[in-house]
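Enquirer: Below are the sequence and a predicted model; questions follow.
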Amino acid sequence: MEPKPYQPRHHIRFVTATSLFDGHDVSINIMRRILQDSGAEVVHLGHNRSVREIVDAAIQEDAQGIAVSSYQGGHIEFFKYMVDLLRDRDAGHIRVFGGGGGVILPDEIAELEAYGVCKIFSPEDGRRMGLQGMVNYKLEQCDFDPPRDPERDLNLLAEGDPAAIARLISLAEQASEGDKGPFESVENQLQKRRRATPVVGITGTGGAGKSSLTDELVRRFLNDFDDRRIAILSVDPTRKRTGGALLGDRIRMNAIDNPRVYMRSLATRESRSELSRAINEALLILKAAPFDLIIVETSGIGQGDTGITEVSDLSLYVMTSEFGAPTQLEKIDMLDFADLVVLNKMEKRGSEDALRNVRKQVRRNRKMFDAPDEDLPVYGTIASQFNDAGTTRLYH
């Protein structure tokens, strides 16, 4: 009989991935789904991820745990390097878990655990503990508040230190849930250091390609400005039943593997909105750090949600051709408020007709009856296509 899910006392954040040169992601997908069902916030990176990518993500996300499946045979070097890199980056508190079926031998498991890996799960562990039992072990080992020193992090913030930024954002999340003390101790200083960093808000329906579009915009920005830094806040929904969340936008982000980029995923938790309750405080932290541009990407929204306009200087609404009848466009508030409207996935059948209908609706909403199509703030894009001309027009 499977044990009941462990009930954590803290918000537990995990980074999950498969190891470099490993495309076997079935097992890690099963484990991260059970982690989510058990109340964890899971930042999933997908397959074929290097140690540095995983460690960078874990530090930027202020995670308590890393879970990696490795079936490619290089597990000894891979996991030892992960432990070494975490220690070198002053993040030795992050627990490392792994698994690889029968590929990782019992004596290798003992060697890795002696080196500092918290647990390598074997097929025997699976038979003895069951899937939920293994997940419960991970959650129990990671049910702690990571070490924090707000004053020290405030000093490191001026350097753009990713770990300091991550810890301060976690304090802001705690403050939004009632534990205001630690964050209040530095909030006044953050206000004094606040810069007028522009904020671009990207919102839209679920599955419209917001993350892919964000990635393409970030790539163009980095290519055009080799001395500028960018921060991304990406919000995904919390599941009300379990309290867990899939924070999966990093899967689509290829351009962020750059020292000039900081990314933090946020769960909506109990905000009842497409944004985190701590979004304003998180923006305050990023504006006190040396970033030149901030992007906020919301979770998928409905027809009447316009919250992104309240926290951004420039807002994008991303949609696809699958909005139903043209009359449905009359119900979308963001067609009134968005500075830019993007019809993504233009490769799909019917997209040209959809683009024409969106332009008509924007023209009606904004009383731009005499404006030619090229003057309307409506763009067709294929964000999944490399160097897409429509995305480039939108960027410029």
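Expert: Yep, it's here. Numbering: from 1, shown residues only.
Enquirer: which residues of this protein fall in helices?
Expert: Remark: helices assigned in the chain by DSSP state H are 26-37, 51-60, 75-88, 106-115, 123-141, 150-157, 162-176, 181-193, 210-224, 279-287, 334-337, 351-365, 389-395.
Enquirer: and these, which one is worst for confidence?
Expert: Lowest mean pLDDT within those: helix 181-193, at a mean of 91.
Enquirer: which residue sits closest to A40 in space, ignoring its chain neighbours?
Expert: Nearest non-adjacent residue to A40, counting by CB to CB, 6 or more residues apart in numbering: I12, 4.7 Å away. Just so you know, the C-beta spots here come from the backbone N, C-alpha and C atoms, and that holds for glycine as well.
Enquirer: E140 is in contact with the one you found, correct?
Expert: No: I12 is beyond contact range of E140, at 9.7 Å (criterion: CB atoms under 8 Å).
Enquirer: Could you check which of those two is surrounded by more residues?
Expert: When neighbours are counted by other CB atoms under 10 Å, I12 and E140 differ, and I12 comes out ahead with 25 against 12.
Enquirer: Report the separation between the more buried one and D90.
Expert: 20 Å (CB to CB, to the nearest Å).
Enquirer: Distance of Q328 relative to L335?
Expert: Distance from Q328 to L335, by CB to CB: 11 Å.
Enquirer: neighbour count winner among these two?
Expert: Legend: neighbour count by other CB under 10 Å for Q328 and L335, higher for L335 (20 against 12).
Enquirer: For G324, see how far away that one is.
Expert: Taken as CB to CB, the span from L335 to G324 is 14 Å.
Enquirer: next one: N344
Expert: Taking CB to CB as the measure, N344 falls 17 Å from G324.
Enquirer: Show me which of those two is the more surrounded one.
Expert: Legend: neighbour count by other CB under 10 Å for N344 and G324, higher for N344 (29 against 9).
Enquirer: Was I right to think the more buried one contacts M319?
Expert: Yes: judged on CB under 8 Å, N344 makes contact with M319 at a distance of 7.1 Å.
Enquirer: Got the domain ranges for the protein?
Expert: Using automatic domain parsing, the domain parsing of the chain gives 13-141, 150-192, 197-395.
Enquirer: Redo those domains as TSV? Include distance to Q7.
Expert: Formatted as TSV, those follow (distance: least, CB to CB, whole Å):
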stretch	distance to Q7
domain 13-141	7
domain 150-192	17
domain 197-395	10
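Enquirer: Could you point out which of the ones you listed sits nearest P3?
Expert: domain 13-141 (5.3 Å; CB to CB).
Enquirer: How far does that closest one sit from its chain's centre?
Expert: Taking CA atoms, centre = their mean, to the nearest Å, one finds the center of domain 13-141 at 19 Å from the center of the full chain.
Enquirer: How about P150, nearest residue that isn't a chain neighbour?
Expert: V186 (4.7 Å).
Enquirer: That neighbour and R220: what is the separation?
Expert: From V186 over to R220 (counting by CB to CB), the distance is 34 Å.
Enquirer: Over to A91?
Expert: Taking CB to CB, one finds A91 at 31 Å from R220.
Enquirer: same deal with Q7?
Expert: The gap separating Q7 from R220 is 45 Å, by CB to CB.
Enquirer: So which of these two has more stuff around it?
Expert: It is R220, of Q7 and R220, that has more neighbours when counted by other CB under 10 Å, with 17 against 11.
Enquirer: these two touch, right, that one and R393?
Expert: No: using CB under 8 Å, R220 makes no contact with R393, being 11.1 Å away.
Enquirer: Show me the beta-bridge partners of the spatially most central residue of the chain.
Expert: The centre of the chain sits closest to S265, judged by CA atoms, centre = their mean, with a distance of 3.3 Å. According to DSSP bridges, S234 are recorded as the beta-bridge partners of S265.
Enquirer: give me the number of residues near P372?
Expert: By the criterion of other CB under 10 Å, P372 has 7 neighbours.
Enquirer: In contact with it, which residues?
Expert: If you count contacts by CB atoms under 8 Å, 6 or more residues apart in numbering, P372 has none.
Enquirer: Next, count neighbours for the closest residue in space to I251 that isn't next to it in sequence.
Expert: Distances taken as CB to CB, 6+ apart put G46 closest to I251, at 4.5 Å, once the chain neighbours are dropped. When counting by other CB under 10 Å, one arrives at 16 neighbours for G46.
Enquirer: And for N254?
Expert: Using other CB under 10 Å, N254 is surrounded by 12 other residues.
Enquirer: Verify the contact between it and D215 for me.
Expert: Yes: with contact defined as CB under 8 Å, N254 and D215 form a contacting pair (5.8 Å).
Enquirer: wait, isn't S27 in contact with S70?
Expert: No: using CB under 8 Å, S27 is not in contact with S70; the gap is 10.0 Å.
Enquirer: Mutual contacts of these two, please.
Expert: Shared contacts of S27 and S70 (CB under 8 Å, 6+ apart): G99.
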